[in-house]
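1. Any chance you can model this:
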Amino acid sequence: MEHILHALANYQITPWKAVGYLGMLMFTGRWFVQVYATRKHKRVVMPLSFWVLSVCGSILLLAYFVVGKNDSVGILSNLFPVFVSVYNLVMHLRHHKNTTTGDIAA
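-> Coordinates of the predicted model:
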């Protein structure tokens, strides 16, 4: 218990930890956005803000693990979500553009 209290008393937030915390908040917060949108529409919805938060959170977490911490586990666990989130964001924007312009094919 003393070890935990000592660690908490000496805890410091570095700029890179702030980047990591912001990325974690964004990546986690996207689920609150998704639940809100689903409840509002009474069906499962993935709003644009979900994908924007996913991309931004993934990039911030990846930057934290690459530069701030140099942690291979963190890098590998956040590398794939960046690509998936960017892909889904692009697909979301293409679909929205096509439904706005009336195009059928993407």
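
2. hey, let's count contacts and neighbours off CA atoms from now on
-> Noted.

3. so is Y11 in a helix, a strand, or just coil?
-> Of the three states, Y11 takes coil under DSSP: H, G, I helix; E, B strand; the rest coil.

4. So what's the residue count around it?
-> 9 (other CA atoms under 10 Å).

5. again, but for the one 10 residues further on
-> Y21 has 17 neighbours, counted by other CA under 10 Å.

6. Tell me which helix or strand it sits in.
-> In this structure, Y21 sits in helix 15-41 according to DSSP states H and E.

7. now swap in V45 and tell me
-> In this structure, V45 is located outside every helix and strand according to DSSP H and E.

8. Show the pLDDT at the nearest residue to it once chain neighbours are set aside.
-> By the measure of CA to CA, 6 or more residues apart in numbering, the closest residue to V45 outside its immediate chain neighbours is T38, 5.1 Å from it. You'll see T38 listed with a pLDDT of 95.

9. Could I get the contacting residues of T38?
-> Contact criterion CA atoms under 8 Å, 6 or more residues apart in numbering gives 44-46 as the residues in contact with T38.

10. any chance of those in TSV, plus distance to V82?
-> Rendered in TSV, the data for the contacts of T38 read as follows (distance: CA to CA, whole Å):
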residue	distance to V82
V44	22
V45	20
M46	17
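
11. Can you say which of these are buried?
-> The neighbour-count criterion (16 or more other CA atoms under 10 Å) marks 45-46 among those as buried.

12. coming back round to it: relative to M26, how far out is the residue nearest to V45?
-> 18 Å (CA to CA, to the nearest Å).

13. And W16, by the same measure?
-> The spacing between W16 and M26, counted by CA to CA, is 15 Å.

14. Look at the two and report which has more neighbours.
-> The residue with more neighbours, out of W16 and M26, is M26; 21 against 17, by other CA under 10 Å.

15. That one - nearest residue in space that isn't next to it in sequence?
-> In space, M26 comes closest to G57 once its chain neighbours are excluded; the distance is 4.9 Å by CA to CA, 6+ apart.

16. what's the neighbour count on H3?
-> The tally of other residues near H3 (other CA under 10 Å) stands at 8.
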